[in-house]
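Asks: Sequence first, then the predicted structure:
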Amino acid sequence: MAVQINPSILSADFSRLAEEAKAVEGADWLHVDVMDNHFVPNLTLGVPIVESLSRATDIPLDCHLMIEDADRWAPQYVEAGAGSVTFHAEACAAPVRTAREIRAKGARASMALKPATPIEPYEDLLPELDMLLIMTVEPGFGGQAFLDIMLPKIRRTRELISKHGLELWLQVDGGVSASTIERCAEAGADVFVAGSAVYGTDDPAAAVRMLRDQATGATTAAGWACDH
Ligand SMILES: O=C(CO)[C@H](O)[C@H](O)COP(=O)(O)O
């Protein structure tokens, strides 16, 4: 699979979301950060805004639910127009049932792990998922420094994906920029969320292209791109 770059609207201007979506034309997905001020200490947006945004852009929505009670809410984001819904392992009582519900409603099912949550207890669940998100910052805010200590977890997850022969996408989110994306790609990530590194520039579409070129180069050099 070719690498994918998903700009995070957490760093966009929330009063102009439709225009901000147009500013990243060429991006693979638009990463929508849903925060409830309980699971994370920040509050952003919910179902009605996702519904409006899905009508305002042709870029598919990659909704990252940083909320409690994810089992209850995840299917509603599919109904609101999300093409991919990510729930947190730490906030989901029944990840298999929730992933199956997301898929049954026609979206891609994804699970996220906070930095302190290991991948190993979830190995048997991986076939139920279309994507695994490894947080490379503590979730809640954009503009944080990338956590290098997550690179071994990315490597171990890539090895598990290869071991089981899965078509699972491996996403990283938090502090992904021109100076960190190559390390993530070398470690095995293939879907990259970037907020400030895209929306913090004068030309967000050009930033997407540059990040894509860097990640593609690093993935090819690492030599694992062709086997999945
Ligand atoms: O999920 C998130 C924070 O919880 C954001 O998607 C992430 O932090 C993106 O912002 P940046 O690229 O500036 O780190």
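Replies: Yep, it's here.
Asks: And the residue of this structure that's closest to the ligand?
Replies: Proximity of the chain to the ligand (Cβ to the nearest ligand atom) peaks at Gly195, 2.8 Å away. C-betas here are computed from N, CA, C, even on glycine.
Asks: Identify the residues contacting that residue.
Replies: 7-11, 31, 142-143 (Cβ atoms under 8 Å, 6 or more residues apart in numbering).
Asks: Please pick the buried ones from those.
Replies: 7-11, 31, 142 (16 or more other Cβ atoms under 10 Å).
Asks: Check the contacts of Gly195 one by one and keep those near the ligand.
Replies: Contacts with the ligand within the contacts of Gly195, counted by Cβ under 6 Å from any ligand atom: 8, 10-11, 31, 142-143.
Asks: What about those residues, which are in strands?
Replies: Under the assignment DSSP state E, these contribute His31 to strands.
Asks: would you turn the ones next to the ligand among the contacts of Gly195 into JSON lines with pLDDT?
Replies: Putting the ones next to the ligand among the contacts of Gly195 into JSON lines (pLDDT from 0 to 100) gives the following:
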{"residue": "Ser8", "pLDDT": "98"}
{"residue": "Leu10", "pLDDT": "97"}
{"residue": "Ser11", "pLDDT": "98"}
{"residue": "His31", "pLDDT": "98"}
{"residue": "Gly142", "pLDDT": "98"}
{"residue": "Gly143", "pLDDT": "98"}
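Asks: Could you tell me which residues make contact with the closest residue to Phe141 other than its chain neighbours?
Replies: Nearest in space to Phe141, with sequence neighbours left out and distances taken as Cβ to Cβ, 6 or more residues apart in numbering, is Asn42 at 6.1 Å. The contact partners of Asn42, by Cβ under 8 Å, 6+ apart, come to 35, 66, 140-141.
Asks: Please identify, among those, the one with the most neighbours.
Replies: When neighbours are taken as other Cβ atoms under 10 Å, the top entry among those is Met66 (26 neighbours).
Asks: correct me, but that residue touches Asp33?
Replies: Yes. Assessed by Cβ atoms under 8 Å, Met66 is found in contact with Asp33 at 6.6 Å.
Asks: Which strands or helices does the lengthiest helix in the chain pack on?
Replies: If you go by DSSP state H, the chain has its longest helix at helix 204-222. Applying 3 or more Cβ pairs under 8 Å, 6 or more residues apart in numbering; DSSP states H and E, we find helix 204-222 packed against strand 4-7, helix 181-187, strand 191-194, helix 196-199.
Asks: Mind putting the contacts of Asn42 into a markdown table with secondary structure?
Replies: Shown next, in a markdown table, are the contacts of Asn42 (DSSP: H, G, I helix; E, B strand; the rest coil):
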| residue | secondary structure |
| --- | --- |
| Met35 | strand |
| Met66 | strand |
| Gly140 | coil |
| Phe141 | coil |
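Asks: now the end-to-end length of stretch 37-55.
Replies: 26 Å (Cα to Cα, to the nearest Å).
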